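Engineer: Quick one, what's the 3D model for this:
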Amino acid sequence: MKKTILIIAFLGATNLFAQEQPSTELIEKIKSLQTQVNQQQNDIQKLYSELNKEYRTYRIVKKDLNQTIIDNQVKVVDSLNTLINKSKQELSSVNKQLNKKIKQTGENANSKISELDSSLGKNRLYWIIATLATLLLGGLVYWLLGKRMLSDKNEVKNQIQSSKTDVETQIKNTKTALEEESVKLDSQLLEIISSQLKIKESESKTLGKEEKDHSLVLKVADEVTRILMNLEVMDKSIKGYKHLKKYSESILDNLKAYGYEIPKLIGQNYNSGMNMVATLEFDDSIEEGKQIIKRIIKPQVNFDKKMIQAAKVIVAFNE
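Structural biologist: Alright, predicted model coming up:
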């Protein structure tokens with residue numbers, strides 16, 4: 001009997017030791033996964049800093065270019081006004097001289113006509129022809145000056161248009177470069193987010209059924225929504241645009257497999273009874289009396305058909 005009891009006690013101790021050993025390995029694995037998560041979060045913070053720096057640089061460049069356009073236009077307009085005023089003065093001077101000559105010619109003609117009333121008709125005809133020639137010459141000079149003034153005005157106008165076109169091209173090229181860099185950084189961010197989700201999935205399977213931590217999913221939803229909103233106002237021909245949009249949408253689709261749902265709110269009608277934070281902006285391009293969601297700052301997130309994050313949106317309205 002004593003031997004039987006000793007055998008049972010030995011087998012129980014052996015079984016207990018076997019159960020404790022995997023528990024220690026599980027704890028070590030969890031610590032390793034947590035270290036990877038912390039490293040990924042640090043990478044995300046670095047990317048946030050780079051994105052903010054690029055955005056500030058873009059705003060500074062855009063401001064400087066706009067100021068350059070304004071300064072160039074002011075200089076060209078001042079130059080045009082100076083040229084026009086100078087041409088007006090020259091034209092006014094020529095008009096005065098022509099009027100003086102025409103007046104003198106008329107006076108001389110009248111005097112000669114009076115003196116030659118008794119002379120032959122041939123001489124009178126010569127004086128009439130000379131008077132008419134003088135008048136025609138004055139009209140020709142006036143026409144040539146007006147044509148020259150118009151030509152100078154068109155030349156200055158072409159210079160303004162050329163300068164404006166060059167600056168607009170420079171702005172467009174700079175904007176394209178910044179948008180391509182932004183797409184590149186967002187693509188790297190999505191790769192990190194995808195890795196974090198995989199780690200989170202492995203950790204959830206390891207820990208089993210415990211209280212669900214939604215913090216990572218909410219951050220992922222916020223970032224992916226921000227990227228999609230930026231793509232809405234970006235040129236579709238930007239390098240990497242299609243890949244980034246498809247990648248972002250696939251991450252949102254993958255969240256459904258974990259029980260999460262992010263409703264599409266863009267373009268939906270808004271009313272004050274909705275459970276969301278809304279900022280109203282006037283927009284006369286929409287129908288009067290309408291209120292439409294035009295941009296999402298934070299998405300609405302549901303888990304198991306229950307809302308765990310309320311949306312933060314911008315609503316366009318027209319009174």
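
Engineer: Low-confidence ranges, the stretch 101-250 of the chain, go.
Structural biologist: 102, 105-106, 109-110, 112-125, 153, 156, 160, 162-164, 201-211 (pLDDT under 70).

Engineer: Quick one: the helices in it, in order.
Structural biologist: With helices called from DSSP state H, counting those that start in this stretch, the stretch 101-250 of the chain shows them at 121-207, 215-232, 241-256.

Engineer: Of all the ones you listed, which one comes closest to residue 316?
Structural biologist: helix 215-232 (13.7 Å; CB to CB). Where you see a C-beta, it was placed from the backbone N, CA and C, and this is true even at glycine.

Engineer: Tell me how far that closest one lies from the chain's centre.
Structural biologist: 18 Å (CA atoms, centre = their mean, to the nearest Å).

Engineer: Does anything pack onto that helix? Which helices or strands?
Structural biologist: If you count contacts as 3 or more CB pairs under 8 Å, 6 or more residues apart in numbering; DSSP states H and E, helix 215-232 packs onto helix 121-207, helix 241-256, strand 291-298, strand 301-303, strand 306-309.

Engineer: Can you name every helix or strand that the third one contacts?
Structural biologist: Contacting strand 291-298 under the criterion 3+ CB pairs under 8 Å, 6+ apart are the following elements: helix 215-232, strand 276-282, strand 311-317.

Engineer: Mean neighbour count and distance to residue 34 added to the helices and strands packed on helix 215-232, as CSV?
Structural biologist: Below are the helices and strands packed on helix 215-232 laid out as CSV (neighbours: other CB atoms under 10 Å; distance: least, CB to CB, whole Å):
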stretch, mean neighbour count, distance to residue 34
helix 121-207, 14, 8
helix 241-256, 15, 22
strand 291-298, 18, 27
strand 301-303, 18, 22
strand 306-309, 14, 23
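
Engineer: So what's the residue count around residue 33?
Structural biologist: The number of residues packed near residue 33 is 16, by other CB atoms under 10 Å.

Engineer: I'd say it and residue 198 touch.
Structural biologist: No. Residue 33 is beyond contact range of residue 198, at 10.6 Å (criterion: CB atoms under 8 Å).

Engineer: mean confidence for stretch 50-66?
Structural biologist: Regarding stretch 50-66, the rounded mean pLDDT is 77.

Engineer: Other residues contacting that stretch?
Structural biologist: 167, 170-171, 174-175, 178, 181-182, 185-186 (CB atoms under 8 Å, 6 or more residues apart in numbering).

Engineer: bridging residues for the closest residue to residue 217 other than its chain neighbours?
Structural biologist: In space, not counting the residues next to it along the chain, residue 217 is nearest to residue 260; the distance is 5.7 Å by CB to CB, 6 or more residues apart in numbering. Beta-bridge pairing of residue 260, defined through DSSP bridges, involves residue 303.

Engineer: what about residue 260, neighbour count?
Structural biologist: Neighbours around residue 260, by other CB under 10 Å: 19.

Engineer: how near is it to residue 312?
Structural biologist: 18 Å (CB to CB, to the nearest Å).

Engineer: again with residue 262
Structural biologist: In terms of CB to CB, residue 262 sits 13 Å off from residue 312.

Engineer: So these two - more neighbours on which side?
Structural biologist: Between residue 262 and residue 312, counting by other CB under 10 Å, residue 262 is the more crowded of the two (21 against 16).

Engineer: What count of nearby residues applies to the closest residue to that one other than its chain neighbours?
Structural biologist: With sequence-adjacent residues excluded and distances taken as CB to CB, 6+ apart, residue 262 is closest to residue 299, at 5.0 Å. Counted by other CB under 10 Å, the residues lying close to residue 299 total 23.

Engineer: And for residue 37?
Structural biologist: Counted with other CB under 10 Å, residue 37 comes out at 16.

Engineer: can you tell me which helix or strand it belongs to?
Structural biologist: Assessed by DSSP states H and E, residue 37 sits inside helix 2-115.

Engineer: do residue 273 as well
Structural biologist: Residue 273 belongs to no helix or strand, assigned by DSSP H and E.

Engineer: Kindly tell me how buried it is, as a neighbour count.
Structural biologist: Neighbour tally, residue 273, other CB under 10 Å: 5.

Engineer: same deal with the one 3 residues further on?
Structural biologist: Applying the criterion other CB under 10 Å, we find 16 residues in the vicinity of residue 276.

Engineer: which non-adjacent residue is nearest it?
Structural biologist: In space, residue 276 is closest to residue 311, 4.1 Å off (CB to CB, 6+ apart).

Engineer: so the one you found touches residue 277, yeah?
Structural biologist: Yes. Look at residue 311 against residue 277 with CB under 8 Å: they come within range, at 7.3 Å.

Engineer: which residues are common contacts for those two?
Structural biologist: residue 298.

Engineer: These two - which one has more neighbours?
Structural biologist: Shown here are residue 311 and residue 277; by other CB under 10 Å, residue 311 has more neighbours (21 against 11).

Engineer: Check what pLDDT the more buried one gets.
Structural biologist: On the pLDDT scale, residue 311 gets 94.
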